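# requesting a structural model of the entry that follows:
(one chain, ligands or ions: 1)
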Amino acid sequence: MMRAAKARLAGLRWLRLGLETYVSLPLFTLLLLGVIWGAGFHFIGNDRMAAQAAARDSVQELMETYEAQVVRNLNGIDQTLKVIKYAVERKGASGALPELAEQGLLPPGVVFAVSIADGDGRIVASSPHSAMHSVAGERYFSAHRDSRADSVYTSETMRDAARDEWHMHFTRRLNDRDGKFAGIAILEVDPTYFTSGYERSRQGDLGMVAIVGSDSVARSVRIGEHNSWGQRIDLALWRHPAAQPWPGRLDGVRRYTAARTLRSYGLTVLVGLAETEQLAAFEQQRRKYLWEAGLASAGTVFVMALLWAWSWQGAKARRRIRRAQETYAAASEANLDAFFVLRAVRDAAGVIVDFRIASANSRAEQMTGRSKEDLRSHTLCQWLPQARSNGMFARLAQIMAAGGTHQEEWRNEMPEFKAEWMYWQIVGVEGGLVAIVRDISERKRDEARIVHMAHHDTLTGLPNRSLIGDRLEQAILLAEREKHQLLVAFVDLDSFKLVNDSLGHAAGDELLKVVAGRMVDCLRRSDTVGRFGGDEFVLVLPQPQGIDSGGIEAAALLEKILAAVVRPVALEGQEVQVSCSIGVAMYPRDGGDGGTLLMNADAAMYRAKELGKNNVQFYAQEMNASLEEKLALMEGLRKAVDDDQLRLVYQPKVDLASGAVFGVEALLRWHHPERGMVRPDHFIPLAEESGSIVAIGEWVLREACRQARRWQDAGLPPMVVSVNVSPRQFDDRRLVARVADALRDAGLEARWLELEVTESLIMRDVQQAVDKMRELEAMGIALSIDDFGTGYSSLAALKSFPISRLKIDKSFVRDLAHSPDDQAIARAIISLSHQLQMRVIAEGVETELQRAFLVQYGCDEMQGYLFSRPVPPDEIPALLAAPAAAA
Ligand SMILES: Nc1nc2c(ncn2[C@@H]2O[C@H](COP(=O)(O)O[C@H]3[C@@H](O)[C@H](n4cnc5c(=O)[nH]c(N)nc54)O[C@@H]3COP(=O)(O)O)[C@@H](O)[C@H]2O)c(=O)[nH]1
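Here you go, the predicted structure:
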């Protein structure tokens, strides 16, 4: 089966190949050439046979004529000899010739010479007269003498003593009355006499006539104008002439020949016509035929070559098109785009009136919900009637006229296509168009999403910094044109960091979303609220109501925002409360451009923070001074370490049970060259913000370790030195290495160093904090939690930390004597610490009441002005030497 199918396919392929003009044309050309040359050679053959037949007829005809002429001549000669014989026998030799001459019976002497020889061979009479001589030695004489035959003897062509010219002798025997030999009558004839009838017009230049004796010696031969004699001619060859010409030995020329024997004279007459001359006309005709066939062949080949080249180009083009079609079909089927091949439908005037759908691929079926057959059975405007009204048809017709490739994107409103956004590429092709159509709805949605994301904050969905800038610029332009004012407010959440650090980022994010929603609810649609970054928001209020009348309404709106933000938010199962500080700048009063307005609103916001947070401040010029101050401090901090402006003071830590100092906390001081002493509260947050805390923290660590070593070297009892570690320091990947370096360089054992980290710091990323703290613990370093109670530590998390000490924040200690809440908190922390097998220390202990309360509830240690303020290192030995504080 398979083989049969293969054979059928191969047959079809050959048939198709055969039908290709570029293949059949050469075959047809060969056939035509065959016909031309076949016909040519056929005609030539016919003409050759006719020419040969004619030549043979001519030679026969010539034979007849020449034979008759020769016979006539010979008969005349014989007649003359007979007359002479009669006259001699009647009158005797001397009287015969004059009488014959007188009677006019002698032939003309120009051609013939007549003589009579007696029985001894002596010439006894002659005409014209010749010298007496003897012919007794001649063969013709002896032949008659020896034979009684009464016949003519023909001699060879010869010359003799009597006559110098070549001549033939025709002789007859003379008898006396008794019948005895009495001599001979001789008639000498010029041999050319027998060939003088040669007609050049009939026989040509190479025709031949000859007479030959029975001895095969030629008596007279004429070929063209040339006469000769004496040659030996093989009469056997001549007597059986072939139908075809043959080359004679005389000159090698091929001739048609004929021969007749004249028995009574012992002669044979020969005629020959040269083949070249007889067939000359035919040869000319043959050449003409060959030329004609050659020309016809060249013409045919030329025309066919042109046709072949044209057809080859056509076949190549068709092959290219077929391959392109196959490629197109395969590609279009595999393509994710829909393909439509459209053929222009034109009216009688050639104007495009519609497009026929010539083909479509599978994707087109999916996109339109119609089968390919269904699509193909429609024109474009039958299928999409609205194509005429929505400009689609006109556009296609225009592209058809312009040619080339066109691409466009458009929002689809035609229900026939299942796509919201579409892209098409239209390519003009011969007689129509190819439309490649793609559903780009998804891409458009992505683009819109990306544009939205580029201009909106992903967390809150509010405009981001870039869009806020745009909106602000737009609002400024509008305000400038309309001569209105514009309000720009910088909103910063208070204590947001605390929430973020303690409850984690997810809770912080949730808080930001809630706060953002509340602010949006407070504003008009024409206002903008955007997230500037972190916990900072910006409000843009074009044409704020009431600004002109003292800003009462705008202020009320901002107060409303303050109130909305401060409302508690439920996060992680607990209620969290944050406030916000708002700074306001007005256009055009506080700035003419967006950058200035934002900067001034930011300065106002900082003033709001300084003034206790949770309030609104309108920008005043002097506010920028504090901003400048902040920048100046940051710049100064960067140089503080190198310029040796930092110092450490140490505050003792006292064991409540023994009253002994067991350790000190290192506290940083900055001796500013111009400002004097700057408190850590002022510069630590700036150092943290600018990143210089890492270098400063390392200096503190090294200096504290060196100081502890100095004290030990000075003979003081070894004690633990506590160093505060800020969040940024703690996040430093090299913290552990830095600590190890500081200990090694100072020569201090790790057990004399304690690191204090805040509760909020370690609760940001519990696992990372645990890992790092375990590394430090492994080195032998103690860890304590500073400011405990201000954050949101979970019991489970606390248990996982390698902490040896909790420090009750001084905010709970301050009112410990009077505040039942603080007392409860302090008691709870003390109890919790002990349950977790940790020691607990209270900071900020200033009074005996506070100390007494702490002692009563089991607090282990204390730190505060009650025992000592932070002091320079050289004062520590004296404090250690003082009597132990009363328990
Ligand atoms: N990361 C670092 N933080 C540091 C470093 N040095 C200090 N700090 C932190 O700065 C904050 C302010 O410190 P400071 O002004 O030194 O105040 C400390 C004490 O002077 C003060 N204190 C001590 N006893 C009392 C008291 O009885 N009453 C009272 N009103 N204040 C008192 O408390 C501060 C110590 O607090 P704490 O660290 O929580 O123990 C402060 O937060 C420092 O931590 C540093 O090198 N690195």
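# going forward, measure contacts between C-alpha atoms and count neighbours the same way
OK.
# what ranges do the helices span in the stretch 351-500 of the chain?
362-368, 372-376, 380-383, 392-402, 441-455, 465-482, 496-503 (DSSP state H, counting those that start in this stretch).
# for the stretch 751-887 of the chain, that is, sorry about that
Using DSSP H, counting those that start in this stretch, helices in the stretch 751-887 of the chain cover 759-764, 766-779, 795-800, 810-814, 820-835, 848-856, 876-881.
# got it, and the stretch 551-700 of the chain?
According to DSSP H, counting those that start in this stretch, the stretch 551-700 of the chain carries its helices in the segments 552-566, 594-610, 623-640, 680-690, 693-713.
# wait, does the third one make contact with the ligand?
Right, the one you point to is helix 623-640. No. Shown here: helix 623-640 not in contact with the ligand (CA under 6 Å from any ligand atom), separated by at least 13.4 Å.
# so V124 lies in a strand, does it not?
Yes. Counting by DSSP: H, G, I helix; E, B strand; the rest coil, V124 is found in a strand.
# so who does it touch?
Applying CA atoms under 8 Å, 6 or more residues apart in numbering, we find V124 in contact with 93-94, 115-118, 132.
# how far away is the residue lying closest to K513 once chain neighbours are set aside from the ligand?
In this structure, K513 finds its nearest non-sequential neighbour in T460, 5.1 Å apart by CA to CA, 6 or more residues apart in numbering. Taking CA to the nearest ligand atom, to the nearest Å as the measure, T460 falls 33 Å from the ligand.
# surely T460 is in contact with E510?
No. Counting by CA atoms under 8 Å, T460 does not reach E510; the two are 9.1 Å apart.
# helix, strand or coil for whatever residue of the stretch 251-400 of the chain ends up closest to the ligand?
Proximity of the stretch 251-400 of the chain to the ligand (CA to the nearest ligand atom) peaks at L336, 61.4 Å away. Judged by three-state DSSP, the three-state class of L336 is coil.
# let the chain start at 27 from now.
In the new count, where the first residue is 27, that last one comes out as L362.
# count the neighbours of it for me.
16 (other CA atoms under 10 Å).
# tell me the pLDDT of it.
With respect to pLDDT, L362 scores 78.
# quick check: it touching S388?
No. Counting by CA under 8 Å, L362 sits too far from S388 to count as a contact (9.1 Å).
# and the helices of the stretch 377-526 of the chain, which one's lowest on average pLDDT?
Among the helices of the stretch 377-526 of the chain, helix 467-481 carries the lowest mean pLDDT, at a mean of 79.
# any chance of the helices of the stretch 577-726 of the chain in CSV with mean pLDDT as columns?
Formatted as CSV, the helices of the stretch 577-726 of the chain follow (pLDDT from 0 to 100):
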stretch, mean pLDDT
helix 578-592, 83
helix 620-636, 88
helix 649-666, 78
helix 706-716, 82
helix 719-739, 96
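# go through those helices and pick out the most buried.
Among these, ranked by average contacts under mean count of other CA atoms under 10 Å, first place goes to helix 620-636 (a mean of 23).
# now it against helix 649-666, angle please.
With axes from the mean of the first three to the mean of the last three CA atoms, to 10 degrees applied, the angle from helix 620-636 to helix 649-666 works out at 80 degrees.
# what about helix 620-636, distance to the chain center?
Averaging C-alpha positions (CA atoms, centre = their mean, to the nearest Å) puts helix 620-636 58 Å from its chain's average.
# that one packs against which elements?
For helix 620-636, the contact count by 3 or more CA pairs under 8 Å, 6 or more residues apart in numbering; DSSP states H and E identifies helix 491-508, strand 512-519, strand 606-613, strand 642-644, helix 649-666 as packing neighbours.
# which elements pack onto the third one?
Taking 3+ CA pairs under 8 Å, 6+ apart as the contact definition, the neighbouring helices and strands of strand 606-613 are strand 512-519, helix 578-592, helix 620-636, strand 642-644.
# ok so, going back, I'd like the helices of the stretch 577-726 of the chain laid out as a markdown table, including distance to W778.
Below are these laid out as a markdown table (distance: least, CA to CA, whole Å):
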| stretch | distance to W778 |
| --- | --- |
| helix 578-592 | 45 |
| helix 620-636 | 39 |
| helix 649-666 | 27 |
| helix 706-716 | 24 |
| helix 719-739 | 8 |
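# re the thing from before, could you report the neighbour count for the nearest residue to the residue of the stretch 277-426 of the chain closest to the ligand once chain neighbours are set aside?
Leaving aside its chain neighbours, L362 sits nearest to R389 (6.3 Å; criterion: CA to CA, 6+ apart). R389 has 21 neighbours, counted by other CA under 10 Å.
# can you tell me how far R389 is from R382?
19 Å (CA to CA, to the nearest Å).
# next one: D216
Distance of D216 to R382, computed by CA to CA: 106 Å.
# which one of those two has more residues nearby?
Between D216 and R382, R382 has the larger neighbour count (other CA under 10 Å), namely 22 against 18.
# and the residue nearest to the more buried one when sequence neighbours are not counted, what is it in contact with?
Closest residue in space to R382, ignoring its immediate chain neighbours: T405 at 4.3 Å, by CA to CA, 6+ apart. Residues in contact with T405 (CA under 8 Å, 6+ apart) are 380-383.
# now do 6 Å
381-383 (CA atoms under 6 Å, 6 or more residues apart in numbering).
# which residues of the stretch 477-626 of the chain lie near the ligand?
By CA under 6 Å from any ligand atom, no residue of the stretch 477-626 of the chain approaches the ligand.
# which residue does the stretch 477-626 of the chain bring closest to the ligand?
Using CA to the nearest ligand atom, the single residue of the stretch 477-626 of the chain nearest to the ligand is L524, 14.2 Å away.
# for the closest residue to D791 other than its chain neighbours, give its distance to K523.
Leaving aside its sequence neighbours, D791 sits nearest to G530 (CA to CA, 6+ apart; 7.4 Å). For G530, the distance to K523 equals 10 Å [CA to CA].
# who has more neighbours, these two?
Taking other CA under 10 Å, G530 and K523 do not tie; G530 has more neighbours (19 against 16).
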